[in-house]
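1. for reference, the sequence and a predicted model appear below.
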Amino acid sequence: MVISVRRMLRTLKYLLVFVALAYTLYKGLGLLDAYVYPLDKYRVPDGSAVKVFLAGSAEGHEAETMAERLILFFWYGE
């Protein structure tokens, strides 16, 4: 069995180029994702916006049963 140093170096070169391009593509897609979705969706609303859902707060509202919530779910078609 003959071990060719040139073939091993060529294979190593292609492997390094592949890893470098894959890493560059990964980081590029990460930057694209940060550009497309820059907002934190859990932040406090600005201006006249109102946060609709507040977990654990049932002040002034009757406690809804699961059946009532299910009926509203199908009624609104969500």
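-> Now that the structure is in, tell me what you want to look at.
2. would you map the helices across the chain?
-> 5-36, 66-76 (DSSP state H).
3. and the ones you listed as a markdown table, adding mean neighbour count?
-> Where C-beta positions appear, they are placed from N, C-alpha and C, glycine not excepted. Below are the helices of the chain laid out as a markdown table (neighbours: other C-beta atoms under 10 Å):
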| stretch | mean neighbour count |
| --- | --- |
| helix 5-36 | 10 |
| helix 66-76 | 9 |
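4. ok, which of the ones you listed comes nearest G47?
-> Smallest distance to G47 across those (C-beta to C-beta): 23.0 Å, for helix 5-36.
5. let me know how buried K41 is, in neighbour terms.
-> K41 has 5 neighbours, counted by other C-beta atoms under 10 Å.
6. quickly note the distance from it to F74.
-> For K41, the distance to F74 (C-beta to C-beta, to the nearest Å) stands at 26 Å.
7. got the contact list for L9?
-> Going by C-beta atoms under 8 Å, 6 or more residues apart in numbering, L9 touches no other residue.
8. pick out the least confidently modelled helix or strand of this protein, by mean pLDDT.
-> Within the chain, no helix or strand scores below helix 66-76, which has a mean of 82 by mean pLDDT, DSSP states H and E.
9. in PDB, list the C-alpha atoms belonging to that one.
-> The C-alpha trace of helix 66-76 is given here as PDB (Å, rounded to 0.1, in the frame of the first residue of the first chain):
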ATOM      1  CA  MET A  66     -61.800  25.200  30.000                       C
ATOM      2  CA  ALA A  67     -65.000  24.600  28.100                       C
ATOM      3  CA  GLU A  68     -65.700  28.300  27.800                       C
ATOM      4  CA  ARG A  69     -62.200  28.900  26.500                       C
ATOM      5  CA  LEU A  70     -62.600  26.100  24.000                       C
ATOM      6  CA  ILE A  71     -65.900  27.500  22.800                       C
ATOM      7  CA  LEU A  72     -64.300  31.000  22.300                       C
ATOM      8  CA  PHE A  73     -61.300  29.300  20.500                       C
ATOM      9  CA  PHE A  74     -63.600  27.700  17.900                       C
ATOM     10  CA  TRP A  75     -65.900  30.700  17.700                       C
ATOM     11  CA  TYR A  76     -63.100  33.100  16.700                       C
END
